[in-house]
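Chemist: have a look at this fold, sequence not included:
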């Protein structure tokens with residue numbers, strides 16, 4: 001598998017040479033555009049990362065989870081996935097760390113583990129995606145997008161529980 005990327009790069013260069021495209025000049029132009037894009041997006045991403053770290057280190061996520069867990073259990077959600085439901089829209093790496101910890105605690109074949117797996121695979125890092133894409137094109141009015149995305153995340157959480165219950169008879 002190590003040869004796939006070099007082979008792909010060679011195919012692109014050869015194809016460009018066949019089509020008489022100045023491959024290196026086009027590469028440099030694309031790299032310049034990438035740096036400009038990074039310059040525009042970096043403050044938004046840094047702010048989002050700071051906010052996630054602040055929520056985790058301050059214990060705010062734990063406090064919110066403690067408030068939500070009784071209701072979640074009453075509705076049939078495993079209490080172990082509540083932190084994942086809250087963190088998944090905000091941080092992909094943070095939610096992956098929670099998922100790994102959940103596998104160690106409950107096991108990947110438990111109801112909580114399977115539900116968390118379905119949730120992780122069917123939900124999106126909503127706030128990261130909005131910050132990244134809307135920040136890139138400098139759109140500030142995200143009200144409808146945010147509502148639709150949060151609704152989709154809640155739907156993913158609900159459907160992950162229902163799917164695991166139906167599919168695995170749990």
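Modeler: Looks like it came in fine. Everything numeric here is computed off the predicted structure, so don't read it as measured data.

Chemist: for the spatially most central residue of the chain, what are its contacts?
Modeler: In the chain, the C-alpha nearest the mean C-alpha coordinate belongs to residue 125, at 3.1 Å (CA atoms, centre = their mean). Residues near residue 125 by CB atoms under 8 Å, 6 or more residues apart in numbering: 88, 89, 90, 91, 92, 95. The C-beta positions use only the backbone N, C-alpha and C, and glycine is treated the same way.

Chemist: pLDDT value on the residue of the chain most remote from its centre, please?
Modeler: For the chain, the residue at maximal distance from the C-alpha centroid (CA atoms, centre = their mean) is residue 20, at 39.7 Å. Residue-level confidence at residue 20 comes out at 91, pLDDT.

Chemist: measure it to residue 29 for me?
Modeler: Counting by CB to CB, to the nearest Å, the gap from residue 20 to residue 29 is 16 Å.

Chemist: same question, residue 85
Modeler: Between residue 85 and residue 29 the distance, using CB to CB, works out to 43 Å.

Chemist: those two: who's more crowded?
Modeler: residue 85 (24 against 11; other CB atoms under 10 Å).

Chemist: can you give me the pLDDT of the residue lying closest to the more buried one once chain neighbours are set aside?
Modeler: Counting by CB to CB, 6 or more residues apart in numbering, residue 85 lies nearest to residue 157, which is 4.8 Å off, once chain neighbours are set aside. Listed pLDDT for residue 157 reads 91.

Chemist: tell me which residues touch residue 157, please.
Modeler: Residues near residue 157 by CB under 8 Å, 6+ apart: 77, 81, 85, 119, 123.

Chemist: in which helix or strand does the third one reside?
Modeler: Element membership for residue 85, per DSSP states H and E: helix 82-87.

Chemist: so what touches that helix?
Modeler: In this structure, residues lying in contact with helix 82-87 by CB under 8 Å, 6+ apart are 52, 61-62, 64-65, 68-69, 72, 77, 94-95, 98-99, 102, 116, 119-120, 153, 157.

Chemist: how about 7 Å then?
Modeler: 61, 64-65, 68-69, 72, 94-95, 98-99, 102, 116, 119, 157 (CB atoms under 7 Å, 6 or more residues apart in numbering).

Chemist: after whichever helix in the chain runs longest, next one along is what?
Modeler: Ranked by number of residues, the top helix in the chain under DSSP state H is helix 23-58. The element immediately downstream of helix 23-58 (helix or strand, assigned by DSSP H and E) is helix 60-74.
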